[in-house]
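Visitor: sequence and predicted structure are below.
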Amino acid sequence: MEIPPLSERPVSQEEEEAFLRSIQPRRGLFGRRFIGPRRWRPGWAWVPRVRGGGRGGGRGSGASQSGEGGATVDSGSQSGGASFDSGSQGVAWLRADPVDWGIRIAVVLLIVAGCYAVYINGVAEGWWRAWGENPTTIPTRSAMSGRAPTPTPTPSTSGEAAMSGGYQVGPDGVLVRPAEHAASTYPLPELPQAATQNSERGAEAAAEHLLALEIYAWNTGDTEPFANMTEPGDSFRDSYISAINELYANGWAYGNESRVVHVLRLEPVPAGEGNVQPNTVGVKLQIVSSDGVTCRGQKITVKEEEYTSTLSLFMTWKDGRWIETQGRVISEHEQ
């Protein structure tokens, strides 16, 4: 029985080549061939490779074998079928269309991003060190055992002194007095020649010198000159000496000043009244003072404002010199 052709129209050579190109095998994502439709050519027939022989027959060499379902296998024609070597596989993998290459690149980028995310998380969690980072400390026994390390105190430099408010802290815990205001910068006041005379003017000069010795004691802590010019047991004397010694036991002072602005009263005082001793002259002075800078421990007090006071002294001539036997200071706020 003769089968008539589907079309009587002759097929040109260009149509034949276009058809052959359309049925070429397509390559998948990783180079695997997707077998498309095959065209029967004169002189050979394409059949799928049969592994190990079908249920209807065995493997032959160059002979036709018939299996179940009527499939005809020509082993000699397998050379033009689906078998190809590893070299051809590599070439086929490279010959992919742009869509396949885009998918491959996306997969590779996802893998790299995943590895980078794991690396960053490991560094953050302490699983491993960052790339190029060197350990700065040697692991201790406590770190190796999993226990928290004991903090090590930072050693201080031997030549570095502690500071507080711009002042150095001395070994006794008291702020160090500035060198430019050291006690040695305050000279001992000299007794004026007028203070050696047994007269009212001599008593006035002696009273002013006693005030200078008091200020000297506040600025230096040396109360001996002041004590030598006062009567032992006098409350005025003892109160000042006690206050100065207490300050210098845990501090210092500098910048104390007092000056006489007026002589308010100068006259002899009769003996016997209010424990007044013979040869006593009362001297009443108006003075202006400022307390300067005072340090107690590590506390600094600055009082540079001036204030006015009244200083009343009983100066008594004893053993050829003037000494203070009674005294009192009243500030302008108490007057």
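Guide: Alright, I've got the coordinates. Everything numeric in this text was worked out from a predicted model, so none of it was measured.
Visitor: how about the strands of this structure, start to end?
Guide: Using DSSP state E, the strands of the chain run over residues 26-27, 33-34, 64-66, 72-74, 163-164, 167-168, 251-254, 257-269, 280-290, 292-296, 299-303, 307-318, 321-331.
Visitor: quick one: mean pLDDT for the first one?
Guide: Model confidence over strand 26-27, given as mean pLDDT, is 52.
Visitor: returning to what we had before: which one of the strands of the chain lies nearest to V118?
Guide: Closest to V118 of the strands of the chain is strand 26-27 (C-beta to C-beta; 32.8 Å). From N, CA and C alone the C-beta is placed, and that goes for glycine too.
Visitor: can you say which of the strands of the chain is nearest to G122?
Guide: Each of the strands of the chain was scored for nearness to G122 using C-beta to C-beta, and the closest is strand 26-27 (38.6 Å).
Visitor: quick one: the strands of the chain as a markdown table, columns for distance to R237 and mean neighbour count too.
Guide: Shown next, in a markdown table, are those (distance: least, C-beta to C-beta, whole Å; neighbours: other C-beta atoms under 10 Å):
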| stretch | distance to R237 | mean neighbour count |
| --- | --- | --- |
| strand 26-27 | 117 | 15 |
| strand 33-34 | 120 | 11 |
| strand 64-66 | 140 | 14 |
| strand 72-74 | 137 | 16 |
| strand 163-164 | 35 | 12 |
| strand 167-168 | 32 | 15 |
| strand 251-254 | 19 | 21 |
| strand 257-269 | 17 | 14 |
| strand 280-290 | 15 | 19 |
| strand 292-296 | 21 | 18 |
| strand 299-303 | 24 | 13 |
| strand 307-318 | 11 | 20 |
| strand 321-331 | 7 | 18 |
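Visitor: closest to W128 out of the ones you listed?
Guide: If you check each of the strands of the chain against W128 by C-beta to C-beta, strand 26-27 wins as the nearest, at 40.9 Å.
Visitor: quick one on the thing from earlier: and G233, which of the strands of the chain is closest to it?
Guide: Between G233 and the strands of the chain, the shortest separation by C-beta to C-beta is 9.8 Å, and it involves strand 321-331.
Visitor: who's in contact with the closest one?
Guide: Residues lying outside strand 321-331 but in contact with it, judged by C-beta atoms under 8 Å, 6 or more residues apart in numbering, are 195-196, 202-203, 206-207, 210, 229-231, 234, 236-237, 274-277, 280, 307-316.
Visitor: ok, now stretch 183-201?
Guide: Counting by C-beta under 8 Å, 6+ apart, the neighbours of stretch 183-201 from elsewhere in the structure are 177, 202, 204-206, 208-209, 212-213, 216, 219-222, 225, 252, 254, 266-268, 279, 281, 317, 321-322.
Visitor: S289 is in contact with S309, correct?
Guide: Yes - A contact is recorded between S309 and S289 when judged using C-beta atoms under 8 Å, the distance being 6.2 Å.
Visitor: quick check: W127 vs V99, distance?
Guide: When C-beta to C-beta, to the nearest Å is applied, the distance between W127 and V99 equals 39 Å.
Visitor: give me the pLDDT for the nearest residue to G297 once chain neighbours are set aside.
Guide: Distances taken as C-beta to C-beta, 6 or more residues apart in numbering place N250 nearest to G297, at 5.4 Å, with adjacent residues excluded. Model confidence at N250, expressed as pLDDT, equals 95.
Visitor: over to G170?
Guide: pLDDT, the model's per-residue confidence, is 87 for G170.
Visitor: next one: V293
Guide: As summarised for this prediction, V293 has a pLDDT of 96.
Visitor: which residues does it bridge with?
Guide: With DSSP bridges applied, the residues forming beta bridges to V293 are Y254, V302.
Visitor: again with S331
Guide: Beta-bridge partners of S331, counted by DSSP bridges, are S309.
Visitor: and E224, how far is that from T301?
Guide: Computed with C-beta to C-beta, the distance linking E224 and T301 is 25 Å.
Visitor: shaky segments in the stretch 1-150 of the chain?
Guide: Within the stretch 1-150 of the chain, the segments meeting pLDDT under 70 span 1-11, 22-96, 132-150.
Visitor: show me which helix runs longest in the protein.
Guide: Longest helix of the chain, by residue count under DSSP state H: helix 98-125.
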